[in-house]
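# Test case, fold it:
(2 chains)
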Amino acid sequence: MSPLRVILCVDGAPPEALLEVAVPLLAESAVWVPTHVVDARGRRDLGSLRRSVTGAGPLSHGQQQAIEVASAEHTREVLGAAEASLLRLGLAQEPPQIRTGEPGREICRVVAEVGAALVVLFSSRHTRAPAGPGSVGHTARFVLDHAACPVLLVRRG
Amino acid sequence: MLLVGVGVLSPGDALGQLAASWNVFLFFLGLGLSAATADRAGVFRAAAEAAARLGRGSQPRLLTSLYVAGVLVTAVLSNDATALLLTPVAFVVATRLGLDPRPYAFACALVANAASFLLPVSNPANLIVLSHAPLSLGVFLARLLLPSILAIALTLAGLLVVFRAELALPYALPSAPLQRLDLRTAVGLVGAGVLTILYVVASAVSWPLGVVAIAGAVLLVTLDALVAEWQPRAVLREVPWTLFPLLAGLLLLVSGAERIGLVAPLVSAVQDSAGLGVTGLPVVVIGMAALANMLNNLPAALVAAAALGGLPAGGERSDLAAAVIVGVNLGPNLTTIGSLATMLWLVLMRRRGVEVSTLSYLRVGVVTTMPALLAAAAGLWIAARVIGGA
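Below you'll find the predicted structure:
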């Protein structure tokens, strides 16, 4: 029987916060798949912003490259932290999944491709809001609605 | 070309028109060169990283620091430098810190326009208006400093409100240190400082700013070449050349439209508002903002400049010129996704299934720019009354 795969969605916040909640809930040992989505919407919006407010053309090659480098460095940092905390807790892990696009969509894609049994993510990227309307962000909402497996949302902070 | 072809303008007229605007063209070239050199020297990168350190983990503070950097860059190197060169750098720094880069991109794009009337050199549109209604630096500052400060402050306040959710989380500086300030960047910063003084002095004694901009560019390029490699082609590649034919085309288009009477209603509207005295100024500001939003700021500035040229010189024309400058500069921020035409196009795109967050953009524009525009108009009204009364 293949092991239970759990998607661990990381975005730069300490992954321990997710693991602390998720690990005690799992009856059998699972294999963790750290997943990070590079949000492509920011770059698309930068493009339309340049065209509209400033009438500027596309970014130069050097500018694009600088953005790629920064984004790759951040991805490496985030996944490094996830790997380290999984190691520290002695949890089994598979190679990380790195995607680019809209986070919600990409997470659901990874869930389907990996055949995950559970996906764990923060309920919101931006706010440390307590319970109440608005505490579930767009990405979490999308994953909750579309993921082909149970979803565990962890409130931040 | 078309205008010359159909006989609205003779080729001689067309060339004459362009030659008469030599100051504006030289100014564009000088600024483009200065900004590209400063960018290559790492001045923008250093500014954004200094902002990241100054922010000390608080996103609102980071945004404010970057915004202040944007004010300085815009004042000295003009709005294009902020929009073209500081915005991507701010985006890179936010991405590196793992933050949503959008608030920072918006902050830089909006401050490029909001800080555009601090100095005459802060936006080429100012030069176009001033070429028809010259204002000395003292007159310019007396009228526009208060509106400028109000517009800058309220745009920042609007940004902090609109993006409060995105800005709520603290951030940590990456473990790898950010780049250290090297000699080349330091020289670039000094050069930019000298350039600032040069511009202020030149505006004060009314030298043609195009010549000053070129002199400043030569200074910056030379300084940079002394401490780093001399790479003229690399610098030239980064000058936004496409702006030149665009500007030439606009100049001809507006003068052609003027010739056949298309802009007459607008011209008479601006001239009529002169009769209203100081009370008419806020109306002109808002009217020009709407026009700049529809036509874009350079064509709006050209049309308004033509109207101002027809008025007798004096305090009244100076007030109106200031009102035009405020409106033309702030107008494009109103709908952050461009003019009404762009909005319609985006609605069509959305129908075809392309996701566009037009509404959220509109929200940014309305919340940041409506108060800024109204406050700037009120500030101008106060300034004009004080001056008029004195």
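
# For the helix or strand harbouring B:Pro103, name the packing helices and strands.
Under the criterion DSSP states H and E, the helix or strand holding B:Pro103 is helix B:102-114. The criterion is 3 or more C-beta pairs under 8 Å, 6 or more residues apart in numbering or on different chains; DSSP states H and E, and the helices and strands that helix B:102-114 contacts are helix A:41-53, helix B:59-81, helix B:87-96, helix B:137-162, helix B:315-330, helix B:358-389. Using the backbone N, CA and C atoms, a C-beta is placed for each residue, glycine as well.

# Direction-wise, compare that helix with helix B:59-81 and give the angle.
Using axes from the mean of the first three to the mean of the last three C-alpha atoms, to 10 degrees, one finds that helix B:102-114 and helix B:59-81 are set 50 degrees apart in direction.

# anything in the next helix or strand after helix B:102-114 sitting right up against chain A?
Moving toward the C-terminus from helix B:102-114, the next helix or strand (DSSP H and E) is helix B:124-132. No - counting by C-beta under 8 Å from any C-beta of the partner chain, chain A is not contacted by helix B:124-132; separation bottoms out at 11.4 Å.

# Need phi/psi at the closest residue to A:Arg41 other than its chain neighbours.
Of all residues not flanking A:Arg41 in the chain, A:Glu102 sits nearest, at 6.3 Å (C-beta to C-beta, 6 or more residues apart in numbering or on different chains). With angles defined as degrees, to the nearest 10, A:Glu102 shows backbone torsions of phi -80, psi 120.

# What of A:Val33?
A:Val33 adopts backbone torsions of phi -120, psi 100, taken as degrees, to the nearest 10.

# With only the CA atoms kept, save the helix or strand bottoming out on mean pLDDT in chain A in CSV.
Within chain A, judged by mean pLDDT, DSSP states H and E, the helix or strand with the poorest mean is helix A:41-53; its value is a mean of 76. Once non-C-alpha atoms are left out, helix A:41-53 reads as follows in CSV (Å, rounded to 0.1, in the frame of the first residue of the first chain):
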residue,chain,number,x,y,z
ARG,A,41,-0.5,37.5,-10.4
GLY,A,42,1.8,40.1,-9.0
ARG,A,43,3.9,40.2,-12.1
ARG,A,44,0.9,40.3,-14.4
ASP,A,45,-0.5,43.2,-12.4
LEU,A,46,2.9,45.0,-12.6
GLY,A,47,2.6,44.8,-16.4
SER,A,48,-0.9,46.3,-16.5
LEU,A,49,0.1,48.9,-14.0
ARG,A,50,3.1,50.0,-16.1
ARG,A,51,1.0,50.3,-19.2
SER,A,52,-1.9,52.2,-17.7
VAL,A,53,-0.6,54.6,-15.0
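
# Relative to the whole chain's centre, how far out is it?
The gap between where helix A:41-53 is centred and where its chain is centred comes out at 23 Å by C-alpha atoms, centre = their mean, to the nearest Å.

# Helix B:358-389 and that one, what's the angle between them?
Relative orientation of helix A:41-53 with respect to helix B:358-389: 40 degrees, computed using the same axes, to 10 degrees.

# And the helix or strand that helix A:41-53 is followed by, what does it pack against?
Heading C-terminal from helix A:41-53, the first helix or strand you meet, by DSSP H and E, is helix A:61-88. Based on contacts counted as 3+ C-beta pairs under 8 Å, 6+ apart, the elements that helix A:61-88 packs against are helix A:16-22, strand A:30-39, strand A:92-93, helix B:87-96.

# Please identify the deepest-packed of the ones you listed.
Taking mean count of other C-beta atoms under 10 Å in any protein chain shown as the contact definition, the stretch among the helices and strands packed on helix A:61-88 with the greatest mean neighbour count is helix B:87-96, which reaches a mean of 27.

# what's the angle from it to strand A:30-39?
Between helix B:87-96 and strand A:30-39, the angle formed by their directions is 170 degrees, by the same axes, to 10 degrees.

# Distance to A:Ala147 added to the helices and strands packed on helix A:61-88, as JSON lines?
JSON lines is the format used below for those (distance: least, C-beta to C-beta, whole Å):
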{"stretch": "helix A:16-22", "distance to A:Ala147": "15"}
{"stretch": "strand A:30-39", "distance to A:Ala147": "12"}
{"stretch": "strand A:92-93", "distance to A:Ala147": "20"}
{"stretch": "helix B:87-96", "distance to A:Ala147": "26"}
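
# quick one: which of these is nearest B:Leu195?
Minimum separation from B:Leu195 across the helices and strands packed on helix A:61-88 (C-beta to C-beta) falls at helix B:87-96, 18.8 Å.

# How about residues contacting that closest one?
Around helix B:87-96, the neighbours that count as contacts under C-beta atoms under 8 Å, 6 or more residues apart in numbering or on different chains are A:42-43, A:46, A:49-50, A:54, A:59, A:63, A:66-67, A:69-71, A:73-74, B:44-45, B:47-49, B:51-52, B:66, B:100-101, B:103-105, B:107-109, B:112, B:174.

# what about it, distance to the chain center?
20 Å.

# any idea of the mean pLDDT in that helix?
Per-residue confidence for helix B:87-96 averages out to 89 on the pLDDT scale.

# what's the angle from it to helix A:61-88?
Interaxial angle, helix B:87-96 versus helix A:61-88 (the same axes, to 10 degrees): 10 degrees.

# State the distance from the residue nearest to A:Arg41 to A:Leu26.
Taking C-beta to C-beta, to the nearest Å as the measure, A:Glu102 falls 28 Å from A:Leu26.

# go on, B:Leu54?
If you go by C-beta to C-beta, the gap between B:Leu54 and A:Leu26 works out to 43 Å.

# What of A:Glu83?
Using C-beta to C-beta, which is the criterion applied here, A:Glu83 is 19 Å from A:Leu26.

# got it, and A:Thr75?
Distance, A:Thr75 to A:Leu26, using C-beta to C-beta: 26 Å.

# Name the residue in these two with the higher neighbour count.
Between A:Thr75 and A:Leu26, counted using other C-beta atoms under 10 Å in any protein chain shown, A:Thr75 has the larger neighbour count: 20 against 15.

# Tell me the spacing between B:Leu86 and chain A.
Computed with C-beta to the nearest C-beta, to the nearest Å, the distance linking B:Leu86 and chain A is 11 Å.

# got it, and B:Ala290?
As defined by C-beta to the nearest C-beta, B:Ala290 lies at a distance of 16 Å from chain A.

# again, but for B:Glu316
If you go by C-beta to the nearest C-beta, the gap between B:Glu316 and chain A works out to 32 Å.

# That residue against B:Gly277, yeah?
Yes - counting by C-beta atoms under 8 Å, a contact exists between B:Glu316 and B:Gly277, whose distance comes to 7.4 Å.

# Looking at those two, which is more packed in?
Each of B:Glu316 and B:Gly277 had its neighbours counted (other C-beta under 10 Å), and the higher figure belongs to B:Glu316 (17 against 13).

# so who does the residue nearest to A:Arg41 touch?
Under the criterion of C-beta under 8 Å, 6+ apart, the neighbours of A:Glu102 are A:37, A:39-41, A:142.

# which bits of the stretch 51-200 of chain B sit near chain A?
For the stretch 51-200 of chain B, the residues in contact with chain A (C-beta under 8 Å from any C-beta) are B:79-80, B:83-84, B:87-89, B:91-93, B:95-98, B:100-102, B:105-106, B:109-110, B:112-113, B:165-166, B:168-169, B:174-176.

# Drop anything exposed from the residues you listed.
When neighbours are counted using 16 or more other C-beta atoms under 10 Å in any protein chain shown, those contain these buried positions: B:79-80, B:83-84, B:87-89, B:91-93, B:95-98, B:100-102, B:105-106, B:109-110, B:112-113, B:165-166, B:168-169.

# tell me the average confidence for stretch B:201-208?
Stretch B:201-208 comes out with an average pLDDT of 81.
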